[in-house]
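> structure for the following, please:
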Amino acid sequence: MADKNTAKQAEATTPASSLTDKEREAIAQMPYEEARDKLIQAVQALEAGGLNLDQSMRQWEIGEALAKRAQSLLNDVRAKLDAAQAEQATSADTAGTQSNLN
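Numbers count the residues shown, from 1 in each chain. Next up, the predicted model:
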């Protein structure tokens, strides 16, 4: 029973993330290219090996945060492209006609 209590206490005191608020904010402000490049670096560090468990977990957390940032930026671009395409399709119906001059 003591082992279960010890395990529960360890889980309760283990932080959900090793990233600081400052690090999370920095990632949240990164442009796509920087997030992508840093993600590549994090993956390469993991693939190279030689990291202890804590270092590996930290690289993984950094990689996850960077991947989410990059995907969010790509989603934003996709939404803008979709909106522009929809607008173009709407205006294409009247392109070259007198009605588009009004």
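> low-confidence regions, the chain specifically.
Applying pLDDT under 70 to the chain flags the ranges 1-15, 93-102.
> what about the helices in it?
For the chain, the helices defined by DSSP state H cover 2-13, 21-29, 32-48, 53-92.
> what would those helices look like in a markdown table with mean neighbour count?
For glycine as for every other residue, the C-beta is placed from the backbone atoms N, C-alpha and C. Shown next, in a markdown table, are those (neighbours: other Cβ atoms under 10 Å):
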| stretch | mean neighbour count |
| --- | --- |
| helix 2-13 | 8 |
| helix 21-29 | 12 |
| helix 32-48 | 15 |
| helix 53-92 | 13 |
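> distance of the residue nearest the centre of the chain relative to Ser56?
The centre of the chain sits closest to Lys68, judged by Cα atoms, centre = their mean, with a distance of 1.5 Å. Look at Lys68 and Ser56: by Cβ to Cβ, to the nearest Å, they are 19 Å apart.
> please consider this matter closed, and thank you.
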